[in-house]
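In: this one's sequence-less:
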């Protein structure tokens with residue numbers, strides 16, 4: 001299959017491209033700079049120069065392909081406009097893909113968030129849709145749900161569209177800018193590994209190589225209009241994550257009281273996330289796509305030491 005990939009030089013994309021090529025697919029990646037073009041070539045992909053702002057170019061690339069994987073975001077908009085600006089820029093991209101792929105039955109697989117189904121009081125499943133978002137959700141992660149819902153909605157227009165929901169922790173030896181390195185940096189800065197209140201709120205995690213496999217399988221065989229969960233470990237108490245970080249840094253793990261001053265004082269921009277509960281299952285993904293995580297779990301990956309050596313590698 002000829003596959004067009006955006007975000008191919010990012011953490012997930014740089015693993016998705018080799019996964020696709022190893023399975024016999026021909027990959028073309030979007031590059032807006034010489035550096036990105038060189039990185040894509042090194043991964044074995046053909047290069048298409050362009051940007052996410054060039055909607056006509058994206059439509060042409062999608063029409064020329066036999067499938068699209070979209071894992072790119074306008075991260076440059078975060079400092080000035082936050083997630084609102086990122087989502088507003090991403091929605092027209094999805095609609096452009098829809099114009100190019102409507103009625104073809106070709107696959108479009110895009111990245112989503114495990115939190116898009118909301119706090120359900122139970123583990124989220126693939127059957128739980130992304131919640132609607134409105135003006136009252138500006139400034140929150142939920143504002144991006146409009147993108148997920150648009151992608152899934154393209155199934156009604158004859159696109160084999162789906163969303164791969166990712167956990168907040170997608171770990172690997174190349175993870176240098178994710179939430180896990182951020183939590184480690186906080187512990188080093190503050191002198192202890194913090195967790196909110198009793199730290200019982202569950203998070204989920206997956207190795208990025210297992211994420212790449214989900215994207216490939218969704219592209220190859222996933223039915224239209226579905227959510228997939230790239231989740232290997234579905235309910236890890238946040239406290240245990242903090243304790244593991246503290247142990248590797250020889251720092252104590254300490255409860256941070258749920259106080260309007262103390263939580264932001266430690267966690268800063270991460271406050272709303274670290275106090276959230278994000279349990280999820282991946283049974284439907286495993287059964288439908290015949291996917292099974294095959295790479296180290298979170299604590300095994302932490303034990304490998306690369307997160308603490310300062311020498312993250314590909």
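Out: Great, that's in hand. Just so it is clear, the structure is predicted and the values come from calculations on it, not from any experiment.
In: residue boundaries of the helices in the stretch 51-200 of the chain?
Out: Listed in chain order, the helices of the stretch 51-200 of the chain (DSSP state H, counting those that start in this stretch) span 55-64, 78-101, 145-153, 179-190.
In: what bits of the protein have low per-residue confidence?
Out: 78, 310-314 (pLDDT under 70).
In: pull the number of nearby residues for residue 233.
Out: Neighbourhood size, residue 233 [other Cβ atoms under 10 Å]: 19. All C-beta atoms are positioned from the backbone trio N, CA, C, and that covers glycine.
In: leaving out the residues flanking it, which one is nearest to it?
Out: residue 205 (4.9 Å; Cβ to Cβ, 6 or more residues apart in numbering).
In: next one: the one you found from residue 166, what distance?
Out: 10 Å (Cβ to Cβ, to the nearest Å).
In: hang on, the earlier thing: what's the most buried one of the helices of the stretch 51-200 of the chain?
Out: helix 145-153 (a mean of 22; mean count of other Cβ atoms under 10 Å).
In: counting by contacts, list what that one packs against.
Out: helix 78-101, strand 107-113, strand 160-166, strand 226-229 (3 or more Cβ pairs under 8 Å, 6 or more residues apart in numbering; DSSP states H and E).
In: ok, the nearest residue to residue 117 once chain neighbours are set aside - contacts?
Out: The shortest distance from residue 117 to any non-neighbouring residue, by Cβ to Cβ, 6+ apart, is to residue 128 (3.8 Å). Counting by Cβ atoms under 8 Å, 6 or more residues apart in numbering, residue 128 touches 117, 120, 227.
In: pull out the buried residues from those residues.
Out: Neighbour-count burial (16 or more other Cβ atoms under 10 Å) is assigned, among these, to 117, 227.
In: could you say which helix or strand holds the residue nearest to residue 233?
Out: Using DSSP states H and E, residue 205 sits in strand 202-207.
In: ok and that strand relative to strand 160-166, angle-wise?
Out: 110 degrees (axes from the mean of the first three to the mean of the last three Cα atoms, to 10 degrees).
In: circling back to that earlier point, return the residues in contact with the residue nearest to residue 233.
Out: 167, 168, 169, 170, 171, 231, 232, 233, 236, 297, 298.
In: widest-spaced pair of the residues you listed?
Out: Within the contacts of residue 205, 168 and 297 form the most distant pair, 15.2 Å apart (Cβ to Cβ).
In: compare those two (neighbour count), which wins?
Out: residue 168 (20 against 17).
In: so how far is residue 249 from the closest residue to that one other than its chain neighbours?
Out: Nearest residue to residue 168, sequence neighbours excluded (Cβ to Cβ, 6+ apart): residue 179, at 4.9 Å. Going from residue 179 to residue 249 by Cβ to Cβ gives 16 Å.
In: what of residue 124?
Out: Counting by Cβ to Cβ, the gap from residue 124 to residue 249 is 31 Å.
In: which one's more surrounded, those two?
Out: Each of residue 124 and residue 249 has its neighbours counted (other Cβ under 10 Å); residue 124 has more, 24 against 17.
In: quick check: the more buried one touching residue 279?
Out: Yes: contact criterion Cβ atoms under 8 Å: residue 124 and residue 279 qualify, at 7.0 Å.
In: who touches both of these two?
Out: Common neighbours of residue 124 and residue 279, using Cβ under 8 Å, 6+ apart, do not exist here.
In: what's the closest of the helices and strands packed on helix 145-153 to residue 304?
Out: Closest among the helices and strands packed on helix 145-153, using Cβ to Cβ: strand 160-166, at 20.9 Å.
In: and the angle for that closest one with helix 78-101?
Out: Going by the same axes, to 10 degrees, strand 160-166 makes 150 degrees with helix 78-101.
In: what's strand 160-166 in contact with?
Out: Outside strand 160-166, the residues that reach it (Cβ under 8 Å, 6+ apart) are 12, 98, 105-114, 116, 124, 126, 130, 148, 151-155, 206, 211, 214-215, 218, 222-231, 280.
In: let's go with 7 Å and repeat that
Out: Residues from elsewhere that reach strand 160-166, judged by Cβ atoms under 7 Å, 6 or more residues apart in numbering: 105-114, 116, 148, 151-152, 154-155, 211, 214-215, 218, 222, 224-230.
In: are any of those buried, and if so which?
Out: Applying 16+ other Cβ under 10 Å to those flags 106-114, 116, 148, 151-152, 154-155, 211, 214-215, 218, 222, 224-230 as buried.
In: so residue 3 sits in a strand?
Out: Yes: under DSSP: H, G, I helix; E, B strand; the rest coil, residue 3 sits within a strand.
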